[in-house]
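> This is a predicted model, with the sequence first.
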Amino acid sequence: MLLRFLRANEWVVADAAENVRSYTRFWTDFGMDSFCDHDEYDETGVIFRCGESKFGHPVMVARPCVHVPAGDPKVTDVAVRRSVYSVHRCCCEVDPSVGDGMVVIYDCKGIGLKNMDMKYSRVIAKVLQANFPERVVQILIINNSFAVQSLWNAVKPLLAPETRGKIQMCGCDFEAACTAWISTENPYLKKVLEDREARLAKKSKRSPHKRTDRSDTGDSLSMPAVQATDGSRDEVGWADTQGGMREATKRLELQAEEGLGREHGSAGGRGVSNGDIARALARASFAVIM
């Protein structure tokens, strides 16, 4: 554990020591000893364990489309606590002989306005970053949309090379990237690959002159948990979300360009540092995919 905190703090001993003390306080304040086994999410939850990678790392699947806060802060609080505990339980399964981390499949399929929860995004990002450093070996983001890809393109140049190397935006053609880390016999990967093949087969049977809607273009795969509470799909919400994300992407990219230009001595800018831009972009990206 000490090595992980040292690496996370770039080997500054004083900072790592304070991080460890903060972790001790977190353990008590968050009530980590009060959880029960059933508090860990199963395959119907927002984030859950699902087998091992080809190299022995535990695999976690994150599905933000399952989180539907409906404006209820209690739903958010419970989701944060159960998500953190589920990550902790996954960390307990790490085999020290293969490393300290896990491989994450982050499935963006089915995200709509009903899933947007800024409080969950802020709290979970803060808690995991501060108390579970160096726990991720690779994040495979699948079924990500154009808007998420654009946000990632804006954030990526501002991140450290080792951080960039841990994140892959796989889109809808994710088989090659995922199978480099995870066997096709992994239950979740097997399921999404089968769904993708079924979708492609269905698409190939259509008339070439027939117009297709967004739900059939490959931006999402069909799974029961993606359905709205009334059983219908949130297509209108998804379209609205896409439009909002594109506008946010343009604004954030302009800020990034101004900040980068200022760093190299060019004119313009509104007094925003590159660090501020990176943090703003990271928060925006996390909020979008969560």
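Arrived safely, thanks for sending. Numbering: from 1, shown residues only.

> residues of stretch 153-164 that come out buried?
Buried residues in stretch 153-164, counted by 16 or more other CB atoms under 10 Å: Ala154, Val155, Leu158, Leu159. Heads up, the C-betas are built off the backbone N, CA and C, glycines and all.

> Revised request: answer the last question for stretch 1-18.
Residues of stretch 1-18 classed as buried by neighbour count (16+ other CB under 10 Å): Arg4, Phe5, Leu6, Ala8, Asn9, Ala16.

> dump the residue contacts of the third one.
With contact taken as CB atoms under 8 Å, 6 or more residues apart in numbering, Leu6 is in contact with Val13, Ala16.

> how about a cut-off of 10 Å?
Each residue near Leu6 by CB atoms under 10 Å, 6 or more residues apart in numbering is listed here: Val12, Val13, Asp15, Ala16, Ala17, Asn19, Val20, Pro133, Glu134.

> The second one: what's its closest spatial neighbour, skipping adjacent residues?
In this case it means Val13. Leu6 (7.3 Å; CB to CB, 6 or more residues apart in numbering).

> My impression was that the one you found belongs to a strand - is that right?
No - going by DSSP: H, G, I helix; E, B strand; the rest coil, the assignment for Leu6 is helix, not a strand.

> How much space separates it from Met102?
20 Å (CB to CB, to the nearest Å).

> Then Arg81?
From Arg81 to Met102 the distance is 19 Å (CB to CB).

> what about these two, which has more around it?
A direct count of neighbours by other CB atoms under 10 Å for Arg81 and Met102 places Met102 higher, at 23 against 19.

> is it true that Val192 touches Gly110?
No - using CB atoms under 10 Å, Val192 is not in contact with Gly110, being 11.5 Å away.

> the more surrounded of these two?
Neighbour totals were compared for Val192 and Gly110, and Gly110 leads with 25 against 22 (other CB under 10 Å).

> Pick out the residue closest to the middle of the protein.
Tyr106 (5.1 Å; CA atoms, centre = their mean).

> mind checking the SS state of that residue?
Under the three-state scheme (three-state DSSP), Tyr106 adopts strand.

> ok, it to Asp77 distance?
For Tyr106, the distance to Asp77 - CB to CB - is 22 Å.

> before we move on, what about Ala160?
With distances taken as CB to CB, Ala160 is found 32 Å from Asp77.

> How about Ala17?
For Ala17, the distance to Asp77 - CB to CB - is 30 Å.

> and if you look at Lys205?
Applying CB to CB to Lys205 and Asp77 gives a distance of 46 Å.

> just Arg21 next, same as before
If you go by CB to CB, the gap between Arg21 and Asp77 works out to 25 Å.

> now do Gln129
19 Å.

> Then Lys191?
From Lys191 across to Asp77, the span is 30 Å (CB to CB).

> ok, now which ones touch Ser86?
So Ser86 contacts Phe35, Asp39, Glu40, Tyr41, Asp42, Gly45, Val46, Ile47, Phe48, Arg49, Met60, Ala62 (CB under 10 Å, 6+ apart).

> same thing with Arg89?
Taking CB under 10 Å, 6+ apart, we find Arg89 in contact with Phe35, Asp37, Asp39, Glu40, Tyr41, Phe48, Arg49, Pro58, Met60.

> Give the pairing partners of the helix or strand where the last one lies; include direction for each.
In this case it means Met60. Per DSSP states H and E: Met60 is located in strand 58-62. Paired strands of strand 58-62, with direction, are strand 47-52 (antiparallel), strand 102-107 (parallel) (DSSP bridges).

> Tell me the confidence at Ser285?
Listed pLDDT for Ser285 reads 46.

> go on, Ile139?
For Ile139, the pLDDT comes out at 96.

> neighbours of it, just the number please.
Around Ile139 there are 17 residues (other CB under 10 Å).
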